[in-house]
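Chemist: model this:
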Amino acid sequence: MTTQLTRAMTGKTAMPPRRAFLDANVLRGHLQTDVLLTLADLGAFQPRWSAEVLDEVRRNRPPRLSEQAIDRRLNQMNRAFPQAMVTGYEHLEPEMQADAKDRHVLAAAVQSTSTVLVTENVKDFRPPTTGPHAMPVEKTSRFLNRLLEDNHQLVIVAMNEMISRTDREPNTMSALIDKLASRHDLRSFAQNLNSVVEPEHRGTHPGLARGRTAKSAHSVAFDEVAPPTGAAHAPTESPEARTSQAENQDKDRGSDREA
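Modeler: As a prediction, this is how the structure comes out:
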């Protein structure tokens with residue numbers, strides 16, 4: 001889809017697209033891959049990957065997916081996004097601040113000048129926040145929520161495009177949202193998507209409810225973004241817990257004075 005057509009459909013001025021390097025664990029499952037690449041096809045972001053990442057996808061394919069089927073999917077991905085393949089990053093690997101087995105992923109992300117590395121294993125990466133090797137690292141749901149914040153109309157268009165391609169479930173918006181909500185790694189995105197679609201298209205999965213025990217958006221953001229190297233950790237106590245503790249301490253001091 002062209003930038004002009006995207007603007008006409010959404011009524012928004014097009015922003016420079018994000019460039020996202022996609023780790024193998026976000027390309028393994030069909031649903032997650034379909035959501036991401038449908039959004040990429042409509043210009044929400046530019047996908048990047050490497051041959052090593054795709055080899056890992058092939059090795060760790062879902063149990064019921066044959067080698068022929070996964071090869072067909074990966075070939076289709078490369079044909080649809082010919083600019084996605086990243087090469088020439090090997091010289092960066094020794095300098096990468098990541099677990100040894102994941103240095104090639106971070107090196108390829110840096111080499112591709114991506115704006116974000118999308119992975120479910122954020123704790124395996126510890127890139128610096130500044131300098132030539134800086135690289136934000138986010139989980140899939142956090143990345144999708146950012147795209148939703150950028151342009152929720154485009155995301156809705158993409159999800160409708162996705163469900164229109166099949167007669168199998170999920171083939172309605174409500175069914176798709178319920179399916180996304182059933183996946184722990186996509187539930188936050190499902191909740192936010194559910195809040196912007198028309199009421200008649202909303203899902204009903206129990207995971208879509210935002211109860212009092214649900215985490216705050218700030219807490220979810222800490223969960224889904226890798227802490228930068230050298231950054232202070234978020235406090236583990238909530239403000240309410242600290243207030244309650246202070247009140248109890250005041251009461252104890254008052255009891256001591258009365259005694």
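Chemist: Point out where the stretch 51-200 of the chain drops to low pLDDT.
Modeler: Applying pLDDT under 70 to the stretch 51-200 of the chain flags no residue at all.
Chemist: Could you name the specific helix or strand carrying the residue nearest to residue 50 when sequence neighbours are not counted?
Modeler: Once flanking residues are discounted, residue 50 sits nearest to residue 108: 4.2 Å by CB to CB, 6 or more residues apart in numbering. Glycine gets a C-beta too; all of them are placed from N, C-alpha and C. In this structure, residue 108 sits in helix 103-111 according to DSSP states H and E.
Chemist: Could you measure from the residue minimising distance to the centre of the chain over to residue 187?
Modeler: Against the mean C-alpha coordinate of the chain, by CA atoms, centre = their mean, the closest residue is residue 140 at 1.6 Å. Applying CB to CB, to the nearest Å, the value for residue 140 to residue 187 is 11 Å.
Chemist: what's next to the helix holding residue 108, contact-wise?
Modeler: Contact partners of helix 103-111, identified using CB atoms under 8 Å, 6 or more residues apart in numbering, comprise 21, 23-24, 48-50, 52-53, 86, 88-90, 92-98, 117, 119, 125, 127, 132-133, 135.
Chemist: Show residues contacting the helix or strand that contains residue 36.
Modeler: Using DSSP H and E, residue 36 maps to helix 30-41. Outside helix 30-41, the residues that touch it by CB under 8 Å, 6+ apart are 1, 22, 26-27, 45-47, 62, 73, 77, 80-81, 118, 140, 144, 147, 154-155, 158-159, 161-162, 179-180, 183, 185-186.
Chemist: do that again at 7 Å, thanks
Modeler: Residues from elsewhere that reach helix 30-41, judged by CB atoms under 7 Å, 6 or more residues apart in numbering: 22, 26-27, 45-47, 77, 80-81, 140, 147, 155, 158, 161-162, 179, 186.
Chemist: How about it, which residues are buried there?
Modeler: For helix 30-41, the neighbour count (16 or more other CB atoms under 10 Å) marks 32-40 as buried.
Chemist: picking up where we left off before, and the residue nearest to the centre of the chain, what does it touch?
Modeler: Shown in contact with residue 140 (CB under 7 Å, 6+ apart): 26, 32, 118, 120, 185-186.
Chemist: Which residues are in contact with the closest residue to it other than its chain neighbours?
Modeler: Computed as CB to CB, 6+ apart, the closest residue to residue 140 that is not its neighbour in sequence is residue 26, at 5.0 Å. Taking CB under 7 Å, 6+ apart, we find residue 26 in contact with 32, 36, 118-120, 140.
Chemist: Straight-line length of stretch 194-210, end to end?
Modeler: 11 Å (CA to CA, to the nearest Å).
Chemist: residues making contact with that stretch?
Modeler: Contacts for stretch 194-210 (CB under 7 Å, 6+ apart): 152, 156, 173-174, 177-178, 181-182, 187, 190-191.
Chemist: Same check on stretch 63-75?
Modeler: If you take CB under 7 Å, 6+ apart as the criterion, stretch 63-75 is touched by 54, 57-58, 61.
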